[in-house]
Structures are given as C-alpha cells and as structure tokens.
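Colleague: no letters, just coordinates:
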C-alpha cells in the first residue's frame, strides 16, 4: 500500500545542513573513507541521508507504528534539560520531524519520523525523563537494516545537549 508522504525527489539536497552526516561518516567534505566504508556495508547503495519536507498523517503513523517491529533503541543522558520545543527544533534541523509530543509531568514524550533518500520511512517514540535527563527511544523502520542509522541520526541531532 502506498504511504501518503510528500517530499522532494531522493536526490534533492536542498534544506538545512547540520553536519551530522559528516559526524557519522556518511560523506561530506574530507570524509571519503567514511563514505566508502558505509557503501561497503550497505551493499554499494548511495550514502544514507534523510530528505527534507516529509509529511505523514497521524493515521498512517499509527498504523505503521503498530505493524512494524522494533528496529533499534537509544538510551543516553543529556547534559542539560531542554524544553520540548528545543528537542523538536534540533530534530527538525536534521530532517527528523515531530508527529506529536506532550508534557506528561515527570517526562516529555515525542513521536518522530523521517524518510531517507531511498524512500524508507523511519519512526521513533522518544521519552525524556526530566529529573534524570535520560532519553530513551524505540525506532521502527520499513527497512530494519537502517533503523540504527536513524537512531544514530536522532542522537546526533541532540549533540548540542550532550
């Protein structure tokens, strides 16, 4: 079934550039060895990246979330407690978009998504415990092989808070 997403063509490189690609070794100025190493591990495909301006409706997100298996997890502690708006903004700068978020008292909870340049949709449920500044996330992906890459991209988007 078709997923109602709207985004530029996979080769579109417009939009904000945060530099997280270089940090993860997926290509960019001066990172030739990282790019070829990733190509060797992903079957020679083009370097992985997220595309800008992706949209998805809530029903599609929920349906996919319920049907996809857990693909990766993330567990880290932030150096400072951000606002929920700050988390959403940092993620969006890295082409990871917020479907929904809420302040549940002792924690913030977020649902994020992104689409990579191969057309694969990635979803994440993120919890931020306020007292401990601990972030935990579960990532689900249409291609489980890239779920950890999406988790790493999300972690890199929070780099300023580590």
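Modeller: Good, I have the coordinates. All of these numbers come straight from a predicted model, not from anything done at the bench.
Colleague: residue 77 versus the spatially most distant residue from the centre of the chain, what's the distance?
Modeller: Distance from the C-alpha centroid of the chain peaks at residue 105, with 24.7 Å (CA atoms, centre = their mean). Residue 105 sits 20 Å away from residue 77, taking CB to CB, to the nearest Å as the criterion. For the C-beta atoms, the positions are set from N, CA and C on the backbone; glycine is no exception.
Colleague: related to what we said a few turns ago, let's see the pLDDT reported for the residue farthest from the centre of the chain.
Modeller: You'll see residue 105 listed with a pLDDT of 95.
Colleague: do you know how far residue 118 is from residue 143?
Modeller: 7 Å.
Colleague: and the helices in this structure?
Modeller: 20-23, 32-41, 58-67, 84-93, 147-157 (DSSP state H).
Colleague: before we move on, back to that, ok, now which ones touch the residue farthest from the centre of the chain?
Modeller: If you count contacts by CB atoms under 8 Å, 6 or more residues apart in numbering, residue 105 has none.
Colleague: next: residue 143.
Modeller: Here residue 143 is in contact with 118, 120 (CB under 8 Å, 6+ apart).
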